[in-house]
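**Q** Fold the stuff below for me.
(one chain, ligands or ions: 1)
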Amino acid sequence: MDVLEAMETCTAMRYFTDKPVARTDLEKLIYAATRASNPGNSQGWEFLVIDDQQLKEQIGEVVLEGMAPAFANKPEGMDGVGERMYLGAEHLANNFGSVPAWILGASRKIYPPHAPEDVFMHSTIYPAGQNLIVAARSMNIGTCFTTFHRSAEPIIRKLCNIPDDVHLCLFVAVGYPERRFMPVRRKPVEDVLHWNTF
Ligand SMILES: Cc1cc2nc3c(=O)[nH]c(=O)nc-3n(C[C@H](O)[C@H](O)[C@H](O)COP(=O)(O)O)c2cc1C
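**A** Residues are numbered from 1 along each chain as shown. Here you go, the predicted structure:
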């Protein structure tokens, strides 16, 4: 698949079949992630792939508990797209353990070496995450970026034995899609492109 086509149709997938994703394919996704640009080629990223059923269920339980207030207090006046996103997110959290694999994208604060900054820690992992989801799309594997880890981080750190200097940044659901990939809906280029001056 052409890379632009993969980007154009890489919608967040929150509904998955129960077909497992082979570890060789999960490794390919991490390979793609780790080809990304990153500050000074410091490569402070770390990826924790969670495909163990018992662990997924344990994490799913605490995530659901942590996310409950957000799902109970949905913002008023959402449009259809927002409503579907919320419903999808709730479905994903409710079915955490049935998602074939979860990838925790993490980063170490190591750049620049003489005075490491948070901004470089975050900017290390996000391009990698984007590489990962686009590569997945090209393999007909669905993904959804989430920040679900934030709802139960101390417990997840304990369950997965995550070192203190590894900062959790994103939690990506990975599986074969139960729904169709759709074209992403984004602002037209002319709304955001400026030549030389604003
Ligand atoms: C940093 C980041 C965090 C996100 N967190 C969540 C999340 O917690 N739950 C969720 O269902 N989707 C999450 N998303 C997915 C976005 O909601 C989704 O990409 C956006 O609504 C546009 O939809 P589309 O990608 O399907 O076009 C996140 C995306 C990013 C980049």
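**Q** part of a helix, is H149?
**A** Yes. Counting by DSSP: H, G, I helix; E, B strand; the rest coil, H149 is located in a helix.
**Q** right, and it touches L104 too?
**A** Yes. H149 lies in contact with L104 (Cβ atoms under 8 Å); the separation is 6.4 Å. All C-beta atoms are positioned from the backbone trio N, CA, C, and that covers glycine.
**Q** more crowded one of those two?
**A** Neighbour tally, H149 and L104, criterion other Cβ atoms under 10 Å: the higher count belongs to H149, 24 against 21.
**Q** Which helix or strand lies directly C-terminal to the helix or strand bottoming out on mean pLDDT in the chain?
**A** Ranked by mean pLDDT, DSSP states H and E, the weakest helix or strand in the chain is helix 80-94, scoring a mean of 93. Using DSSP states H and E, the helix or strand that follows helix 80-94 towards the C-terminus is strand 101-108.
**Q** Sheet-wise, list the partners of that next one with their directions.
**A** For strand 101-108, the paired strands and their directions (DSSP bridges) read strand 45-50 (antiparallel), strand 166-175 (antiparallel).
**Q** hmm, it in reach of the ligand?
**A** No. Against the ligand, strand 101-108 shows no contacts by Cβ under 6 Å from any ligand atom, the least distance being 9.9 Å.
**Q** Work out the gap between that strand and the centre of the chain.
**A** How far strand 101-108 lies from its chain's middle: 8 Å, per Cα atoms, centre = their mean, to the nearest Å.
**Q** quick one, the helix or strand following that strand and strand 166-175 angle?
**A** From strand 101-108 onward toward the C-terminus, using DSSP H and E, the following helix or strand is helix 118-138. Note on geometry: by axes from the mean of the first three to the mean of the last three Cα atoms, to 10 degrees, helix 118-138 and strand 166-175 are set 10 degrees apart in direction.
**Q** got any ranges where this protein has weak pLDDT?
**A** Scanning the chain for pLDDT under 70 picks out nothing.
**Q** and it, which of its residues are near the ligand?
**A** 11-12, 14, 85, 88-89, 92, 144-148, 184-185.
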